[in-house]
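**Student:** Here is my input, please return the structure:
(chains A, B, C and D)
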Amino acid sequence: MNVDKKELMELFSNKRDIVLMVDGLKVWFPLKRGLSDILKGRPQRFVRAVDSISFFVREKETFCLAGESGCGKTTTGKSLLRLVPVTDGVGLFRARKETLEDLKKNGVNVDGEDYVDIFAIHPKKMKPVRRDIQIIYQDPYGSLNPRYKILDILKEPLEIHKFQLTEEEKLETVYRALETVKLKPPEDFVDRHPHQLSGGQRQRIAIAKAIIMNPKIVVADEPVSMLDVSIRAEMLELLQTIKRERGLSYIFITHDLAVSRYICDRIAIMYLGRIVEMGDTRRIIENPLHPYTKALVAAIPEPNPSNRLRMRDVPIKGEIPSAANIPPGCRFHPRCVEYEKNIENLKSKCPLQDPPYYVAEDGRLVNCWLFEGNKKIEKARGFFIM
Amino acid sequence: MASLGRTIAVQVVSNLAALIIIVALISALLVFYSQTILQGVVVEMVQEFTRNLARNPALTPEQKAQLINLYQQALEVRFGLVGNPISKVYHMMINILTLNLGSSRNVYMGNSASISSQIIFALKNTVILFFTATLISIVIGLALGLYAARKPHGIIDSLLSFFAVLSASLPMWWVGMLMLLVFAFWNHWFPAQSMPVYFAIQQLSQAYHSGSITTLSYILEYIRTWLYYMALPLTTVVLVSIGGWAYIVRNVVIGKMAEDFVMTARAKGLSERKVLFGHVLRAASPPIVTTAALSLVSSLGGAIISETVFGWPGMGLLFWIAITNSEPMLIAGNVYVTVLLFIITIIILNILYVFLDPRIKTSGSQQVF
Amino acid sequence: MSKRRGSSGFRRFFSDLRRTKVGIVGLSLLILFLGLAIFFPLIGNMNDIKNWNNLQYWRDNPKAAPPCWAVGNTFKSISVTGGEYTSNLIERNGELDGFKYISYSFLYNVETQPPIDVIARFNISYSKPTYVYITMERPDGKYISLTGNPESSERTSVFDLFGVDPNSYSGDIRIQLASYVNNMITIRNYIVPWLQSNNVTLRPQDVFRLTNVAFSILHQELTPNIINAQNVTYLSGKYNVTFVFYSNDKNLSVALEKAIVLGGCYGIVGTDNMGRDLWMGLMYGIRWALIIGFSVSIMSVLIGGIYGVVGGYFGGKTDEIMLRTAQVFYSIPVLPILILLAVIFRPSIWNVISMLIIFGWPSTALVTRSMALQIKEETYVEAAKAIGSSSSRILFRYILPQVFPYLFASIALSVPGAILTEASLSFLGLGDPSIVTWGRILNEAEVAGATINGYWWWVLPPGLMITIVGMTFILIGQALDLILNPKLRR
Amino acid sequence: MTAVLEVENLSTSYYTFRGMVKAVEKVSFKLEKEEILGIAGESGCGKSTLAWSLMGLVPPPGRVVEGSVKIDGIEVLSLSESERRKKILWEKISMIFQGAINAFNPVYTVGYQLAEPFIYHKNYSKKEAFEKVKELLKMVGLNPEIEKRYPHELSGGMKQRAVIAMALALEPSVIIADEPTTALDVVIQSQILNLMKKLKQDKKLSFIFITHDMSVIAEMADKVAIMYAGRIVELGPSEIIFNRPYHPYTSALIRSIPRLRGPIEKLQYIPGEPPNLISPPPGCKFNPRCQYAEELCKKEEPGFVEVEKGHFVRCWKYDSGKQSSGGAMK
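**Tutor:** Okay, here's the model as predicted:
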């Protein structure tokens, strides 16, 4: 165990209101190497889907990961359940007592008295943790086994985790979960197959499946983006209600900043595998500081008909590069308008060095050289102290 | 373009690997076969020798045993039964690959007993028959499939579907027998045997060289003779292979018709012909080539057997004769050439596929088979 | 729990199958064929099958005879078994001039066409010289002796006709009258004199032309130039062929075993050139077709299915190697290799079946592999991982249930191919010689030149059976295809 | 102002095995020159079918049942197929298709597919056509070299620009844009929307803009038609639609949109699900989800009534029962 992690654990032990803390998470997918690559001794290349990010989630909080497609937000969410191979990072998670005991039984080295580093557990031994961290997928049509009935879909988690429940109790749990997601009466739904339900109903089933084991964190991966606008709000409200009732934390992944404004407490804006700005949701949306966030906010259309009379000014250039080909230095600089404006001052920084995180006035973090005068922090524990 | 070359190289190499494996298999089988046969011959000869020795009272039993042993060893050397089986298989492989297979007991085809020349003679005829049939099938099948695809679930389409189901379980050689019954036995429209085509052609060319007929009538007569003798086998192969192939065309085309770019093409005001031939068929060509390749190539087996029915002097008839006269080397050579024909066809189609689909041309390997 | 779901799934599956039209047709045909295969001993004669290769067994049947329904005016066989009373048989015995005689008269009616032969089998026992006298009485009242007259000095001994010891013998004797009559000796001694006595003009060269038609001429209207006549007219009415055995031996005993007045047609689908009842072969062929079809398709699809799913699900290097292997097998043309194997190894049917399995699995493997790859990427599979499902649970409860329906369809669809390939091998004479299959029947037809001789009843039905059985399975396979999730396959 | 497109009483149905689906029913609207009409609605409301109907390209088993479509005064639906193909399609009306990824044929270069309209409609030589293609590509902000590329070599944004260029090729009177930005990220989306706005001004184009995203509609449309279950339930100037909608569905829909700026109000939602079009509810199709539904709404369908100039509503609240749906446009 390195010094960093020890320090981190110490901090985490003291911050009782934080359930999850991730530091330096990297998810790199190796690219396939051709025979000639090996012969010519070219180094292994990676798709750096998530490239060293740090964040934390408080209890009963909705933490938002936002960004365009390919920015690594979904990969981050999946890495918490270890559904993607994690290259590096520390992920301290305050698990339930039973979870920790089960982990110990499986021979996992549990670091703290009430928490565990989820990135240090072998993926095959993750099963107990998956009770505590659950996921809701974007696509309500693909995330339910088409050959199962609703009853079997919802009972499956209970069977896998061998809760000491009788058949009646399991049924009771399933019915309660269906009622929680407002599919009433539950008897009408248990015997149906997913294809007999509408998109909205399926997504409710997906939510029910995620919360049936009473998790502590639910990763909600764009849970409303494939639903019609008219039922989207209802679904968001349902998620909020469940959070209040069950004391959950959400990691809410979205590309829609407008939605995040309604549901999220804190937000992290991601660009090419890196968090570029993180802090209070409303303040970031109202007053974005990072050039990318500025562009992103400016690009979002609004239901205001007078907009049609003007061109939308989106301060950004070009198109997003491939994650296999991340530009050196600040990964945003080739598209950055600020950099272009101040190229004389910035050319020694932006194209050469990855910027550190700076603390802005309202306590948010910005990953940009423009804020060089501000207080600088390197790792998660830095903003942790604040 | 580098990746294009690489893709083609991968195709060729993996298909040739299959060929080498098959040849190794054939060689091993042949070596095994000849060993067993010759072993039996040796045993018989040794028994004969033992019986002869038994009549000779001058020898002691030990001497007899020794003599028998010596005799057996001598025989084994003579028949090539000693030695490393792997090296034998290796030599056999080389012989098969180079078609260096010696002679058959009789002349079955062509005019030389050398196995390779017989096979080449037969191969030529099979290629003439099979590729003519394939060409005709491709043209008619495409037309039929496209027509059916334009009106799915119509009468023609339903008939085509039924015909496809039917021909999938139809033994081609049996259809050939029926053809003979109908068109050669009941109505004497076509000859019952195709073998005489060579005599007819020979007579024709003699007549031509002796100057009794003109060049034009020679050419016409030449074509007529070929068609006359080829008509029945040709029709059989076309009839049986066309259903499945047209059905494949139909399915692929229907699939492509549902794609968005077809709507774009129609919206652009292109005529239905242009949409169908210019866009749909062009875009459908890679999958059609892939699936059709197999359906056509798999009809090769049926076509080959049908040759025996019609007495068409090709690979199939040669198989039949070789089996009847138990000529293992002839069979082995025939198998090898058939497999070679098959694999060359696949390689050509694979390369064609690569050229038809720009996505593969520019972005790397995908094997069709 | 899971069992209940399985059975309800099956029930749904079959009810779906019944709902599609092609499914109904296929399913009812399949049931019919299964019934015919299982209950063959009830509808057919097992002895016929057991004796298929025993040509002695079939010698009393007409050779290469078309089915009776197909030929309108052919003489229909009459068969008489000894000891039974029929109007076609008159049995007499007694003593005359110190001879004991026993006679059998076979009566038959000719309408337009005469029989092609009269075959008679007797059990005879004597210990003194014994003779035979054969006569025929025609409807026009004319008599003809086909052997030496007992009253003359040229008596015909049993030896002359049956080749048995004329002085003492006990056992079976058999005669085929047509071949006896068409014999040159018989023609010279009996037929020619009879014809001449009936004012038929005979040139010397005509005598030789009688060798094929003598038996037939016995049934014709007698006209002076009967031999060179263009149109043949047969004399219709009752014919009576009498066999008289007579001997000095008081203990002479002759018992009729069976007599057949052989017609030119036979049964439902006729006979082959050995006289075998093709109907039996045709019916029994269903058994072998189903055995071959099912065993090859089930085994190769299961092997291929498991191979593909395992490769696709586990992925990586293993998958790569497995895929390449399957592709190599896939690109081997089966038939030539099978021909070589069949020539080298004894082509027992089980060898053929195993070879078909060895070359049959890769196509399924390639499809199930791509299916497994695709299903593996489905969100619900990842969702299953997310709730903590183990690999084996995902394999058995998520991937296999999706693949299995395809395997069912694929089993049905690969049956015809197996049957066809076996038939092709048999057609080339490389089938198992000890069993009766359609391919073999067609092979024998080809060898006997059935197409050149117009024996359509020998050629048409076996191929039709192959086609219909094949189509049955394709229809079922298509119905299954319609029902099952089609979007997963490529 | 002159109407370039007049649609009256247009109905399109799909004749499926499970029954008839009335995907578009009694739709009437006008599109003026240099105007953008936004057609908005949730999934399955019939917006794409409406677009196909205007082009006369409804895929089987669907077909236009009744109605009239006039482009530049020409009645399109009564034209023979070949006439429509030669005179109307792409010359008078073109389309920017949903999902630009699939709008191109993968086996042809982008340039060839852009050149096709010139070759078939204008009888240009290949060379001339490709010159035109280069101009078009420049116009939509693409490198002209792209013409030699295959569709799969282009990014989503580039493809969308190319599709727009293709739609503009023959400078048609009406361009239908069916969900042109749905698959794109917001930054690219804003670029594409800006491009379309610019082209509209420069080239004086008339658009029909179809999308499910109300915010995108607001960015573009001068006039908005809201569709629900195959019908236009409200049609009017976008200021009215967004600021003081009449129809209960429209107002609920507007209030359900999460907003990026301004005060955070509680989001509204519409309870229930959109109806199944094989067996729609009797009466007003929205009645099962409508909070104002009365007995009449459950029995009879309201007419399409002009409540003020250029503002039409299909709701019993505003229908006195006298005006028939057909005459509303006159």
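
**Student:** State the helix or strand in which C:Thr242 lies.
**Tutor:** C:Thr242 is part of strand C:237-247, with elements assigned from DSSP states H and E.

**Student:** what does C:Val403 give?
**Tutor:** Per DSSP H and E: helix C:400-427 holds C:Val403.

**Student:** do the same with D:Leu31
**Tutor:** D:Leu31 belongs to strand D:19-32, assigned by DSSP H and E.

**Student:** just to revisit the earlier point, which neighbouring elements make contact with the helix holding C:Val403?
**Tutor:** Judged by 3 or more C-beta pairs under 8 Å, 6 or more residues apart in numbering or on different chains; DSSP states H and E, the packing partners of helix C:400-427 are helix B:281-310, helix C:278-314, helix C:334-344, helix C:349-376, helix C:438-447, helix C:456-483. (Each C-beta comes from the backbone N, C-alpha and C, glycine too.)

**Student:** Which secondary structure element comes immediately after the second one toward the C-terminus?
**Tutor:** Following helix C:278-314 in sequence order, the next helix or strand is helix C:316-330 (DSSP H and E).

**Student:** Any part of that following helix near chain A?
**Tutor:** No: counting by C-beta under 8 Å from any C-beta of the partner chain, chain A is not contacted by helix C:316-330; separation bottoms out at 11.4 Å.

**Student:** Now do that helix: which elements does it pack against?
**Tutor:** helix B:2-54, helix C:278-314, helix C:349-376.

**Student:** now it against helix C:349-376, angle please.
**Tutor:** 140 degrees (axes from the mean of the first three to the mean of the last three C-alpha atoms, to 10 degrees).

**Student:** which stretches of the chain form strands?
**Tutor:** You didn't pick a chain, so chain A it is. A:18-30, A:46-58, A:62-66, A:88-93, A:116-117, A:133-136, A:217-221, A:249-254, A:266-271, A:274-280, A:357-359, A:365-366, A:375-377 (DSSP state E).

**Student:** nope, chain D
**Tutor:** Under DSSP E, chain D gives strands at D:3-16, D:19-32, D:36-40, D:62-71, D:74-75, D:93-96, D:174-178, D:207-211, D:223-228, D:231-237, D:305-308, D:311-313.

**Student:** now the strands of chain A in TSV, with mean pLDDT, distance to A:Val190 and mean neighbour count?
**Tutor:** Below are those laid out as TSV (pLDDT from 0 to 100; distance: least, C-beta to C-beta, whole Å; neighbours: other C-beta atoms under 10 Å in any protein chain shown):
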stretch	mean pLDDT	distance to A:Val190	mean neighbour count
strand A:18-30	91	32	21
strand A:46-58	91	33	22
strand A:62-66	94	30	25
strand A:88-93	90	33	23
strand A:116-117	91	35	24
strand A:133-136	94	20	27
strand A:217-221	94	22	25
strand A:249-254	95	27	25
strand A:266-271	94	37	26
strand A:274-280	92	42	23
strand A:357-359	90	49	21
strand A:365-366	90	47	27
strand A:375-377	84	51	14
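
**Student:** Export these to CSV and append columns for distance to C:Val436.
**Tutor:** Below are the strands of chain A laid out as CSV (distance: least, C-beta to C-beta, whole Å):
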stretch, distance to C:Val436
strand A:18-30, 61
strand A:46-58, 64
strand A:62-66, 72
strand A:88-93, 71
strand A:116-117, 72
strand A:133-136, 63
strand A:217-221, 64
strand A:249-254, 69
strand A:266-271, 74
strand A:274-280, 76
strand A:357-359, 85
strand A:365-366, 85
strand A:375-377, 88
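
**Student:** Just tell me which of the ones you listed ends up closest to chain C.
**Tutor:** strand A:133-136 (4.8 Å; C-beta to the nearest C-beta).

**Student:** Quick one: name the residues of chain C near chain A.
**Tutor:** Close to chain A, as judged by C-beta under 8 Å from any C-beta, chain C has residues C:5, C:9, C:378-380, C:382-390, C:393, C:398, C:401-402, C:485.

**Student:** go with 7 Å
**Tutor:** C:378-380, C:382-383, C:385-389, C:398, C:401-402 (C-beta under 7 Å from any C-beta of the partner chain).

**Student:** quick one on the thing from earlier: for the helices and strands packed on helix C:400-427, which one sits closest to chain D?
**Tutor:** Comparing the helices and strands packed on helix C:400-427 under C-beta to the nearest C-beta, the one sitting nearest is helix B:281-310, at 5.1 Å.

**Student:** buried sites along that closest one?
**Tutor:** B:281-310 (16 or more other C-beta atoms under 10 Å in any protein chain shown).

**Student:** Next: stretch C:131-143.
**Tutor:** C:Tyr131, C:Val132, C:Tyr133, C:Ile134, C:Thr135, C:Met136, C:Glu137, C:Arg138.

**Student:** Can you sort out which of the residues you listed also neighbour chain D?
**Tutor:** Within those, nothing lies near chain D by C-beta under 7 Å from any C-beta.

**Student:** returning to what we had before: now render the helices and strands packed on helix C:316-330 as CSV, adding mean neighbour count and distance to B:Val262.
**Tutor:** Putting these into CSV (neighbours: other C-beta atoms under 10 Å in any protein chain shown; distance: least, C-beta to C-beta, whole Å) gives the following:
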stretch, mean neighbour count, distance to B:Val262
helix B:2-54, 16, 27
helix C:278-314, 22, 32
helix C:349-376, 21, 25
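
**Student:** Output the ones you listed in JSON lines, with mean pLDDT appended to each entry.
**Tutor:** Below are the helices and strands packed on helix C:316-330 laid out as JSON lines (pLDDT from 0 to 100):
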{"stretch": "helix B:2-54", "mean pLDDT": "82"}
{"stretch": "helix C:278-314", "mean pLDDT": "93"}
{"stretch": "helix C:349-376", "mean pLDDT": "90"}
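
**Student:** Now tabulate those helices in a markdown table and tack on distance to chain D.
**Tutor:** Below are the helices and strands packed on helix C:316-330 laid out as a markdown table (distance: least, C-beta to the nearest C-beta, whole Å):
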| stretch | distance to chain D |
| --- | --- |
| helix B:2-54 | 13 |
| helix C:278-314 | 25 |
| helix C:349-376 | 19 |
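
**Student:** And those: which comes nearest A:Leu171?
**Tutor:** helix C:349-376 (28.7 Å; C-beta to C-beta).

**Student:** ok, A:Arg310 - how many residues close by?
**Tutor:** By other C-beta atoms under 10 Å in any protein chain shown, the residues close to A:Arg310 number 10.

**Student:** Could you give me the buried positions within stretch D:286-294?
**Tutor:** So, applying 16+ other C-beta under 10 Å, buried residues of stretch D:286-294: D:Phe286, D:Asn287, D:Pro288, D:Arg289, D:Cys290, D:Ala293.

**Student:** tell me the average confidence for it?
**Tutor:** For stretch D:286-294, mean pLDDT rounds to 87.

**Student:** who touches that stretch?
**Tutor:** Here stretch D:286-294 makes contact (C-beta atoms under 7 Å, 6 or more residues apart in numbering or on different chains) with D:Tyr228, D:Val233, D:Pro248, D:Tyr249, D:Ile270, D:Pro271, D:Gly272, D:Pro281, D:Cys297, D:Lys298, D:Lys317.

**Student:** Return the set of buried residues in the helix holding C:Val403.
**Tutor:** In helix C:400-427, counting by 16+ other C-beta under 10 Å, buried: C:400-403, C:405-427.

**Student:** Stretch D:156-173 too?
**Tutor:** In stretch D:156-173, counting by 16+ other C-beta under 10 Å, buried: D:156-170, D:172-173.
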